[in-house]
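Participant: Show me the folded form of this:
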Amino acid sequence: MKFKQFALAGLFALATLPALAADTYTIDPTHTQVEFTYSHFGFSNITGRFDKVESQFAFDAADPTRSSVTVTIPVDSISTGVEKLDGHLLSADFFDAETYPTATFTSTGVTVAGEGKLAVAGDLTIHGVTRPVVMDVTINKVGEHPMSKKPAAGFDASIDIKRSEFGVGGYAPAVSDEVRIEITVEAQKAG
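Facilitator: Modelled structure (predicted):
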C-alpha cells in the first residue's frame, strides 16, 4: 500500500514539472503597448491604444509550449487622441464600458510557429462576448535586461478581429468591421 502511495506521489510530482519549468514574468507597463487600427470610411486608418494593461504570464524559453498568459485591459484607458471619439467608443454604441469595464485574453495553448515565432491560442473577451482566437507572436529578445540586470523577455503580438463578432460593430461597414490589434510587451522575471 505504501509503495502505491509513493508511486502516485511520484507521478503527481512528475505531472507538475512542466508547470514549474516556466518562469513567471511581470510586465513593464511603461514599455508595453496595446494598439488598434481600423479604416474610417476607407479614407484613413485610425490608430488608438489602451493605456493600461495588466498581465500575468509564465514563459519557458526552452519549451515555449509550456508558457501561458492572461491579460486584462481596463476599457476606459482607451486613447485615440480625440477626447470626443474616446467618449463615443466608451458609450453603449461600442464598448459600453460602464457595463463591460474590461477586455481579457486567457491563453489555452501555445505552439511553435517557426524560428522565434509562436501561435498563442486563447479566449478573447470583449463587451461580454468570448471567442476563441489565435495571436501571432514574435519573441523579440530573451536575456538579461541591461538596466535592472534581471532576466527579461520581449514579445510582439498581433491579431485581426471582426468587432461585430464581439458586439461592438456599430457603423460597420462604413467604419471597418476588421480591426488589427498589435501588442508589444517588455517584461522581467518576477522575484
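Participant: Can I get the lengthiest strand in the chain in CSV, CA atoms only?
Facilitator: As assigned by DSSP state E, the longest strand anywhere in the chain is strand 129-144. Taking C-alpha atoms only, strand 129-144 is exported to CSV below (Å, rounded to 0.1, in the frame of the first residue of the first chain):
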residue,chain,number,x,y,z
VAL,A,129,-18.6,38.1,-25.6
THR,A,130,-15.9,35.4,-25.5
ARG,A,131,-14.5,33.9,-28.7
PRO,A,132,-11.5,31.6,-29.4
VAL,A,133,-8.7,33.4,-31.3
VAL,A,134,-5.0,32.8,-32.2
MET,A,135,-2.4,35.5,-31.8
ASP,A,136,0.7,35.6,-33.9
VAL,A,137,3.7,36.2,-31.6
THR,A,138,7.3,37.1,-32.2
ILE,A,139,9.8,36.6,-29.5
ASN,A,140,11.9,39.8,-29.7
LYS,A,141,14.5,39.0,-27.1
VAL,A,142,15.1,36.9,-24.0
GLY,A,143,18.1,37.8,-21.8
GLU,A,144,19.4,40.0,-19.1
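Participant: Renumber starting at 872 from here on
Facilitator: Got it, first residue is 872 now, which makes that one strand 1000-1015.
Participant: so what does it touch, helix or strand wise?
Facilitator: Where contact means 3 or more C-beta pairs under 8 Å, 6 or more residues apart in numbering; DSSP states H and E, strand 1000-1015 is packed against strand 973-985, strand 988-997, strand 1022-1033. Where C-beta positions appear, they are placed from N, C-alpha and C, glycine not excepted.
Participant: strands paired with the longest one, and their directions?
Facilitator: What that stands for is strand 973-985. Here strand 973-985 has these sheet partners by DSSP bridges: strand 939-945 (antiparallel), strand 988-997 (antiparallel).
Participant: now do the last one
Facilitator: Partner strands for strand 1022-1033, per DSSP bridges, with pairing direction: strand 1000-1015 (antiparallel), strand 1049-1060 (antiparallel).
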